[in-house]
Structure formats: C-alpha cells, structure tokens
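Chemist: next input, structure requested:
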Amino acid sequence: MSTQPAQTPGALPLRRRGPLSEAPPAPERQVPASAVAKLMTEALEEVHGRIDSVAINGVLVATRDGLVLCGVTRGIEDDGVAAMASAAAGLATQFTSQARVGSPRAVFFEGESGQVGVFGIDADTLLVVLGERDTTMGMFNVVAKQALTLLQQAVAARR
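Modeler: Model prediction:
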C-alpha cells in the first residue's frame, strides 16, 4: 500500500521516495567535477571575446544541480544565481511538460535593469546569460543564443 497521496489529473508529479537502503542508480559515466569545470572554463575563455558585449553583461556556467563551474560576471552573487538557474531549469521542465509543448530550450526573465536567460549547454550544465539594461528582449534572445552556440562548439571541440 502506497503512503503517497493520490494525484489529481493534471497535477505536477510528486517525487516518490524509495526505501532508505535503496541506493540511487549509478551514472553511466561520471566525469570528475574538476575536469568539467576546467573544460567549461577553457571553452568560456575561448568564446568570451566573441560574445556581443553591447547586449550581454555577463555569462555564468553552472551544473544542473546549481554549482558554479565558471563565469564572467560583475556585481552578482554567482552561487545564488547558479542555484536559481538550476531551479528555473527544473521548473521550466515541469511547466513545459504540463503545457505539452515539449522540452524547454531556454528560460527567460526580463527585469527593469536587464534580462536573464538560462540555457542547457548539455545534459549536465547550464549557461546563464545576463543582459544589459537597454537591450531589447529580441536582441538579447539572438545574442544569448549565439553565445550558447559558441560555447557548445568550443566544448565539443575539446571533448
């Protein structure tokens, strides 16, 4: 008999907890965090000069579970932004699933002083792009996706 409450149709799924003695499944291939951080740092250093600095205020690379790998930012709390990017990516996955629009490609926020975009670089890492104050959302979208493509290409070339 299940101790989990019954779900109503259309409700967000609940996490199911197994017995405490049950070990989580082993990942197929686990790359040490330091190696991933080094790879991402090198890739970001390579592409940073090619990112449109008129529209982009900073970039940050984080793990999907919210840890900072590297970044070029000014005046933000990198650890907090990485954690929120992870939460935003998780919420986007739930939201797009419930809305039946497929897997999310990006999460965008627009504030009074700029924009923030969160993109999946690969299955394990996120790119957070920070936009300048006077950049339109359309221009930010184009430049942020260019930054993502440049970073993905630099990462692929190193693997």
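
Chemist: who's in contact with the residue nearest the centre of the chain?
Modeler: Residue closest to the average C-alpha location in the chain (C-alpha atoms, centre = their mean): Leu126, at 2.8 Å. By C-beta atoms under 8 Å, 6 or more residues apart in numbering, the contact set of Leu126 is 61-64, 82, 85-86, 89, 118-120. The way it works is simple: take the backbone N, C-alpha and C, and place the C-beta from them, glycine included.

Chemist: that one: helix or strand, and which one exactly?
Modeler: strand 125-131 (DSSP states H and E).

Chemist: can you list the strands that that strand pairs with?
Modeler: The strands beside strand 125-131 in its sheet (DSSP bridges) come out as strand 56-63 (antiparallel), strand 114-120 (antiparallel).

Chemist: ranking the ones you listed by mean pLDDT, which is last?
Modeler: Per-stretch mean pLDDT for those is lowest at strand 56-63 (a mean of 92).

Chemist: elements contacting the helix or strand following that one?
Modeler: Sequence-wise, the next helix or strand downstream of strand 56-63 (DSSP H and E) is strand 68-72. Counting by 3 or more C-beta pairs under 8 Å, 6 or more residues apart in numbering; DSSP states H and E, the packing neighbours recorded for strand 68-72 are helix 33-48, strand 56-63, helix 78-98.

Chemist: tell me which of the ones you listed sits most buried.
Modeler: Ranked by mean neighbour count, those are led by strand 56-63 with a mean of 23 (mean count of other C-beta atoms under 10 Å).

Chemist: shaky segments in this structure?
Modeler: For the chain, the stretches flagged by pLDDT under 70 are 1-33.
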